[in-house]
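Colleague: heads up, no residue letters with this:
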């Protein structure tokens, strides 16, 4: 199983450019998440999707949009990139409910905005 | 809203020393608790998890954690660390928020083990 797959792994953007980070999981999970990881701040939730067709804001949603295209895919879009969005982005998925609900993570996308 | 606090941001230990990393959460309902590890340059991997039952949970690589409900704590321990344990460790809580299950992470603890 591939698990959670993120693309691209690395990206450099100029301020104001847009891009979409792709995430797909093959574990039939309902819940999917986008986090950003910054030094000293741990993982902060940007958006999450409890199921296909639903999305909710996390702690730091400003400057981002998401699309839950289907059960497998959850994309994160930066409409106008800013240097403050330089970070490592992780996508994750999990099974909702109180049993076996660990999150599985993708390999991450290292984004630099110059 | 649920939150997770990790009090130690950076820990430096010599090999064979004992480790305890603190984790406290704030949420009044039923929770699932996790510790994840991130080795340098890699993604997060599950170290251990607590859902119910015995509050002392054993994970991979000799790690264990104890859930103390009265203290809202889930501290990670290892009797004798190795250089290969150098990594960043994240505590996480999965609880119901706004009708959905949501995973919240602590800010992480960087562990550096000196040979």
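Modeller: That came through fine. Since this is a predicted model, take the numbers as computed values, not measurements. Residues are numbered from 1 along each chain as shown, chains lettered A, B, ... in the order given.
Colleague: From here on, just use CA atoms for contacts and neighbour counts.
Modeller: Will do.
Colleague: Count residues in the vicinity of the closest residue to chain B within chain A, would you?
Modeller: Minimum separation of chain A from chain B (CA to the nearest CA) falls at residue A:42, amounting to 3.7 Å. By other CA atoms under 10 Å in any protein chain shown, the residues close to residue A:42 number 21.
Colleague: mind listing what it touches?
Modeller: B:90, B:105-108 (CA atoms under 8 Å, 6 or more residues apart in numbering or on different chains).
Colleague: again with residue A:7
Modeller: Applying CA under 8 Å, 6+ apart, the residues near residue A:7 are A:21-23, A:109.
Colleague: By neighbours, which of those wins?
Modeller: That'd be residue A:23 among those, by other CA under 10 Å, with 25 neighbours.
Colleague: Can you classify that residue by secondary structure?
Modeller: strand (DSSP: H, G, I helix; E, B strand; the rest coil).
Colleague: So for it, what's the pLDDT?
Modeller: Note for residue A:23: predicted pLDDT of 97.
Colleague: what's the closest non-adjacent residue to residue B:49?
Modeller: Spatially, and ignoring its direct neighbours in sequence, residue B:49 is nearest to residue B:34 (4.4 Å; CA to CA, 6 or more residues apart in numbering or on different chains).
Colleague: which strand residues sit across from the one you found in the sheet?
Modeller: Beta-bridge pairing for residue B:34 (DSSP bridges): residue B:49, residue B:92.
Colleague: Show me what residue A:87 bridges to in the sheet.
Modeller: Beta-bridge partners, per DSSP bridges, of residue A:87: residue A:111.
Colleague: Enumerate every residue touching it.
Modeller: A:36-38, A:110-112.
Colleague: That one and residue A:107: what is the separation?
Modeller: From residue A:87 across to residue A:107, the span is 14 Å (CA to CA, to the nearest Å).
Colleague: residues from chain B in reach of chain A?
Modeller: Residues of chain B lying close to chain A by CA under 8 Å from any CA of the partner chain are B:9, B:31-32, B:34, B:42-46, B:49, B:51, B:90, B:94, B:100-101, B:103-108.
Colleague: re earlier: scan the contacts of residue A:87 and report the most crowded one.
Modeller: residue A:36 (22 neighbours).
Colleague: Just the element for that residue, please.
Modeller: strand A:31-38 (DSSP states H and E).
Colleague: Spatially central residue for chain A, please.
Modeller: residue A:34 (2.6 Å; CA atoms, centre = their mean).
Colleague: correct me, but that one touches residue A:88?
Modeller: No: contact criterion CA atoms under 8 Å: residue A:34 and residue A:88 do not qualify, at 10.6 Å.
Colleague: how close does residue B:111 get to chain A?
Modeller: Here the criterion is CA to the nearest CA, to the nearest Å. By it, residue B:111 lies 13 Å from chain A.
Colleague: show me the residues around that residue that make contact.
Modeller: Shown in contact with residue B:111 (CA under 8 Å, 6+ apart): B:10-13, B:85-89.
Colleague: again with residue B:73
Modeller: Contacts of residue B:73 (CA under 8 Å, 6+ apart): B:22-25, B:66-67.
Colleague: Quickly name whichever of those residues is closest to chain A.
Modeller: For the contacts of residue B:73, the nearest to chain A is residue B:23 (13.4 Å; CA to the nearest CA).
Colleague: To what extent is that closest one buried, counted in neighbours?
Modeller: 25.
Colleague: So it is in contact with residue B:33, correct?
Modeller: No: if you go by CA under 8 Å, residue B:23 and residue B:33 don't touch, sitting 9.9 Å apart.
Colleague: Overlap of the contact sets of those two?
Modeller: B:74, B:91.
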